[in-house]
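In: Just a sequence and a predicted model for now, questions to come.
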Amino acid sequence: MTQSRSYTSSPGQTQFVGTPIASTAFQSFGYVTTSGSDSNNDGVLDITILGGVWVASGLDAAAPGSLPAPATPAASVSSLRRLQFATSAIGGFDSALATYTPAAGFGWQSAVNSYVRPISMFPTGYTGNTAFYGSGAWGMGSSTFQIAVAPYAPLAEYAIRAYLSDPYTNWAGIVLKGEGIASVTTNAQVSPPQQVTLEGLRDVNGDGMITITVSSSIWVMNGLDFAAGDATALPAPVV
């Protein structure tokens, strides 16, 4: 018995057939693990690739249980994400301060700074969510956040809502640029908290990533809502 792992980066579906069993078809930019045996005792393990159009990037082969770690883990893809740039996210949100990993399916291209403000910094009578709007990521210059999407879907569009609030001060001149659309310049605002919605984002280069770049002399961002479709697909905003 031999175990194999085949890698693909095709825009469609590919089926890998071992000897004597077959895998199910799977979406591109991933891998499939299967096993088989030399059923005709000719000393050769056959692996057949089927598909209208197929590609294979590589192959690992070993005795069962001995395959190395996958070379390219498949990215986690979701049509809806609620992301907070804080170590401990509020209910319904995922913490998204870290750099990108395929397992998460989202993250910053490079490390960013973070802040946490005390409740005492908020204006008197503030009724917003201090746990959400009192923490966030910040930087100087430009930083890019990326979210995994299905690759090679040039007509697919996405929407985001960016939250920009810091009770320390209302930072001005923050530029947001979603992949495939024009940039927007805005300011951070504490009361009411600033929320900027962008739609029509597209995976222009077909790499399976949507990028959102934020830039300014000093920029802040509390989090993002992300959805496949237009702005109507976004959940209700944090108040």
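Out: Sure thing, it's come through. In this text the structure is predicted, and so the values were computed from the model without any measurement.
In: Show me how this protein divides into domains.
Out: 2-62, 80-233 (automatic domain parsing).
In: worst average pLDDT in those?
Out: With a mean of 62, domain 2-62 has the lowest mean pLDDT of the domains of the chain.
In: Just the C-alpha atoms of stretch 102-115, please, in PDB.
Out: Below are the C-alpha coordinates for stretch 102-115, written out as PDB (Å, rounded to 0.1, in the frame of the first residue of the first chain):
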ATOM      1  CA  PRO A 102      -3.900  29.800   4.700                       C
ATOM      2  CA  ALA A 103      -5.500  28.100   7.700                       C
ATOM      3  CA  ALA A 104      -7.200  31.300   8.700                       C
ATOM      4  CA  GLY A 105      -7.800  32.600   5.200                       C
ATOM      5  CA  PHE A 106      -7.100  36.200   6.200                       C
ATOM      6  CA  GLY A 107      -4.400  38.400   7.700                       C
ATOM      7  CA  TRP A 108      -2.000  41.200   7.200                       C
ATOM      8  CA  GLN A 109       0.800  40.900   4.700                       C
ATOM      9  CA  SER A 110       3.300  42.100   7.300                       C
ATOM     10  CA  ALA A 111       3.000  42.700  11.100                       C
ATOM     11  CA  VAL A 112       1.100  45.800  12.200                       C
ATOM     12  CA  ASN A 113       0.900  47.700  15.600                       C
ATOM     13  CA  SER A 114      -2.100  47.600  17.800                       C
ATOM     14  CA  TYR A 115      -3.700  49.800  20.500                       C
END
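In: Could you say which of the domains of the chain is packed most deeply?
Out: domain 80-233 (a mean of 17; mean count of other C-beta atoms under 10 Å). Where you see a C-beta, it was placed from the backbone N, CA and C, and this is true even at glycine.
In: Show the contacting residues for the residue nearest to Gly180 when sequence neighbours are not counted.
Out: Spatial nearest neighbour of Gly180, excluding adjacent residues (C-beta to C-beta, 6 or more residues apart in numbering): Arg202 at 3.5 Å. By C-beta atoms under 8 Å, 6 or more residues apart in numbering, Arg202 lies in contact with 154-158, 179-181, 210.
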